[in-house]
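**Q** fold the following, please.
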Amino acid sequence: MSVDADITRIKQDLSIVGAVFDAVVKILPAFHITDERVLPYGLRPHTRSISWITEQVITQQTKYHGEAVGVDEVDIDMPDTCLHDCVIHKGAERYYVNVKITNAATRDNKNDIAAVEKLYMQYRENPSYRLIYACFGILFENVRITFVSDYIHLFSPQFLPIYVNPRNDKIQAFYKHEPQYRTRDEFLSLLRQNSRSIVLE
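**A** Presented below is the predicted three-dimensional model:
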């Protein structure tokens, strides 16, 4: 596959998966994370307190409403060590998706995206693997979680601005960023060059 074709393919993947998640959020724009009788004073407004559950809601709703959102199947039983949270099947294509959650009411900060070694090994060993990060902006009040419909941002790690956090050797970036289009080989080379604590061959 040529460089231009590879970049075009990734852009198409992002567009297709973005349309799927737009449809999911239209079906379920908000939900209660628990009963107010259980948490009468609401949840502490901290994304970590609800992110894993919200990720589960997104992947399970995508699977449950698969036909309505235009997919054939969604695999959601991924091991904890996996880079992706689900695999979306649409025709012959497979889309590997990692779901991220951010509080849309707060200032955008850099976030740890992925461990360099895991990303490098997966991209090096599996030429057909193209990971998609899907970041959902949410608002929460007491026990109610609301998806911000115009804050579903999808991106490819291959196009990230590469900055590696020296404390934990993870790629760090803003969820909303300008993509830097590059080939897979260029991406792997940058990961090797910027890794601080892991020796990559």
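
**Q** center of this protein - which residue?
**A** residue 133 (2.6 Å; Cα atoms, centre = their mean).

**Q** that one: what's it in contact with?
**A** When contacts are counted by Cβ atoms under 8 Å, 6 or more residues apart in numbering, residue 133 is found next to 97-98, 100, 113, 154-157, 175. For the C-beta atoms, the positions are set from N, CA and C on the backbone; glycine is no exception.

**Q** out of those residues, which are buried?
**A** 97-98, 100, 113, 154-157, 175 (16 or more other Cβ atoms under 10 Å).

**Q** would a markdown table of those with pLDDT and secondary structure be doable?
**A** Formatted as a markdown table, the buried ones among the contacts of residue 133 follow (pLDDT from 0 to 100; DSSP: H, G, I helix; E, B strand; the rest coil):
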| residue | pLDDT | secondary structure |
| --- | --- | --- |
| 97 | 98 | strand |
| 98 | 96 | strand |
| 100 | 94 | strand |
| 113 | 86 | strand |
| 154 | 96 | strand |
| 155 | 95 | strand |
| 156 | 96 | coil |
| 157 | 94 | helix |
| 175 | 86 | coil |
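
**Q** which one of those is nearest residue 19?
**A** Closest to residue 19 out of those is residue 154 (10.0 Å), distances taken as Cβ to Cβ.

**Q** now the closest one: how far from residue 144?
**A** 25 Å (Cβ to Cβ, to the nearest Å).

**Q** ok, back up a step: ok, of the contacts of residue 133, which one's closest to residue 91?
**A** The shortest approach to residue 91 among the contacts of residue 133 belongs to residue 97, at 16.2 Å (Cβ to Cβ).

**Q** for that closest one, give its distance to residue 115.
**A** Using Cβ to Cβ, residue 97 is found at 18 Å from residue 115.

**Q** show me where pLDDT drops low in the chain?
**A** Residues of the chain meeting the criterion pLDDT under 70: 1-3, 45-46, 197-201.

**Q** hmm, residue 141 and residue 105 touching each other?
**A** No - counting by Cβ atoms under 8 Å, residue 105 sits too far from residue 141 to count as a contact (9.6 Å).

**Q** burial measure for residue 49, as a count.
**A** 12 (other Cβ atoms under 10 Å).

**Q** got the phi and psi for it?
**A** Dihedral pair for residue 49: phi -70, psi -20, per degrees, to the nearest 10.

**Q** contact partners for residue 157?
**A** Residue 157 is in contact with 113-114, 119, 131, 133, 171, 187, counting by Cβ under 8 Å, 6+ apart.

**Q** the same query, at a cut-off of 10 Å, please.
**A** Counting by Cβ atoms under 10 Å, 6 or more residues apart in numbering, residue 157 touches 83, 98, 113-114, 119, 122-123, 130-133, 171, 173, 187, 191.
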